[in-house]
Structures are given as C-alpha cells and as structure tokens.
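>>> sequence first, then the predicted structure:
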Amino acid sequence: MEYIIICPLVFIAGFVDAIAGGGGLISLPAYLIAGLPPHYAIGTNKFSACMGTIIVTYRFLQKGFINLQYVVPSIFTALTGSWLGAKLALTVPTDIFKSLMLVIIPVTAFFVIKAKTIENTKPPFSPAKSIFFSAVIALIIGIYDGFYGPGTGTFLILLLVYVARLTLKEAAGTAKVINLSTNVAALAVFLLSNSVMFPLAIIASLFGIAGNYIGANYFINKGKGIARPIIIIVLTIFLVKIIYDSFM
C-alpha cells in the first residue's frame, strides 16, 4: 500500500521540484501518510530526492544552465551553511523559524504575484559580483535547509534571480547544484544512522527521477511561462502547512 501512495506523489514532487523547487512539500508528507516513522520518512525522502536532483542537475548542465565557475564557491558555502543549520537546530526551537516563515512566505508570494515574470529586469552583475552573491545566498539558505528545509529550492531560485541577478534558467541550474549539496550532506547523516528504507527508497527514486526528467525538459522549453504559477502554488501549500502545524 505504501508504494501506491508514495510513488505517484514522488513523481509529481520530482516534476514540480525540477521547475520551481519545493518538491519536498509533496514527497515528505507522502511518506508520512503512508505510515513511515518520521526519521525513516525523512531519510528515505532524502534518498529519492537526491537521486532525482542528480538527474535534473545533469540535464541543466547539458543545456548550459550551470556555470561551474559560478557554482563551485556556492557548493562550499552551502555545505557550510547546512552544517551550521543542523548544529543550530540542536539549540534553537524550530517554532522560531516557523514563526518567521508566517511573515516571509506571504511577503514573498505577494512579490512574485506582483511581478509580471520570474526574471531579472535589471542589468546583470559582473561575474565576480554574481558569484559572491550566489555564495552568500547558498550560505544563508544552506543554514535554513540544515535547520528546517521546506521550500529551499523555491527560495534559492527567487534569491538567485532577484539578488544575484541571474537569469531564470541560470538560477534554476545553480539552485539545483546548491540544493543537491545540502541534500547529500543530510543524506549522509541518515545513511550513517540506518534511517533509509532501501527497497522503498530505490523504487520511489525511479518515480522521482522520471518526474525530475520530464519536469526538467518541460522547464527547458517553457521555463518562463510555467515557473511563476508553480512557485505561487508551492508557496501557498507551504504557508498552509506552516499554519496547520502551528495551530493544530
């Protein structure tokens, strides 16, 4: 029964994640609904998410959306941020981040709705400046991902477009590399603690890979048109989830 519940939702999560990030908002609840204990749900979800992200990252690299010169510094700052966030999670209540999200998400959603498209309209920065801002964003969002996590890919895309002034496709590619870095670090922890259900993780990964592959191809062809509405939907789902967790 858990395969029937999880696999289709992991496919959908992969499709959404390839386009706008936030796939974990769909896939992680699927594992929990299927009855997995929380730590196994998180660990197994990280496994399938990593496999799918590897595929979409490779597709974006093939299409030239990923500039390795840009992303290498961001990989290191993302790993550092994720480690700091995990350490922070041991000392600071998660409710603090949830309270911040109740303010940040509506403001972000309003900004996205008001914008006519998810695309930088200002002159691009010099390569050095874009690399610097990308690395800083990777550090900050890495801390968030290590501490809490949901919506990481979506926040990365928005910040890389509007702060680092990357194009939407460059931002999507860079976000995948950063998100893959933080996911691999987290997966290593779950693997070492034997918190991954391998048979389910492997089958779900195949569905996640298919969703990511189809989503990546769809984004490559229709990125500007599809990214904005999916980002709005992801932010809405995230806000509803935060409100539900806070008051129920």
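Perfect, I can see it now.

>>> what helix or strand is the residue lying closest to L61 once chain neighbours are set aside on?
Here the nearest residue to L61 in space, its sequence neighbours aside, is G173; by CB to CB, 6 or more residues apart in numbering that works out to 7.1 Å. C-betas here are computed from N, CA, C, even on glycine. G173 is located in helix 168-192, with elements delineated by DSSP states H and E.

>>> just after that helix, pick out the following helix or strand.
On the C-terminal side of helix 168-192, the closest following helix or strand by DSSP H and E is helix 198-247.

>>> distance from that following helix to the middle of the chain?
Computed by CA atoms, centre = their mean, to the nearest Å, the separation of helix 198-247 from the middle of its chain amounts to 9 Å.

>>> can you tell me the average pLDDT over it?
If you average the pLDDT over helix 198-247, you get 87.

>>> and what of stretch 131-145?
The average pLDDT within stretch 131-145 is 93.

>>> then that stretch to PDB, C-alphas only?
Taking only C-alpha atoms (Å, rounded to 0.1, in the frame of the first residue of the first chain), the coordinates of stretch 131-145 have been written out as PDB:
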ATOM      1  CA  ILE A 131      29.500  34.600  -7.800                       C
ATOM      2  CA  PHE A 132      29.800  36.500  -4.500                       C
ATOM      3  CA  PHE A 133      26.100  37.000  -4.100                       C
ATOM      4  CA  SER A 134      25.300  33.400  -5.100                       C
ATOM      5  CA  ALA A 135      27.800  32.100  -2.500                       C
ATOM      6  CA  VAL A 136      26.200  34.300   0.200                       C
ATOM      7  CA  ILE A 137      22.700  33.100  -0.800                       C
ATOM      8  CA  ALA A 138      23.900  29.500  -0.700                       C
ATOM      9  CA  LEU A 139      25.300  30.000   2.900                       C
ATOM     10  CA  ILE A 140      22.100  31.600   4.200                       C
ATOM     11  CA  ILE A 141      19.700  29.100   2.500                       C
ATOM     12  CA  GLY A 142      22.100  26.300   3.500                       C
ATOM     13  CA  ILE A 143      21.600  27.300   7.100                       C
ATOM     14  CA  TYR A 144      17.800  27.300   6.600                       C
ATOM     15  CA  ASP A 145      17.900  23.900   4.900                       C
END
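
>>> not counting it itself, show me its contacts.
For stretch 131-145, the external contacting residues (CB atoms under 8 Å, 6 or more residues apart in numbering) are 69-71, 73-82, 84-85, 88, 97, 125, 152, 155-156, 159-160, 163-166, 174, 178-179, 181-182, 186.
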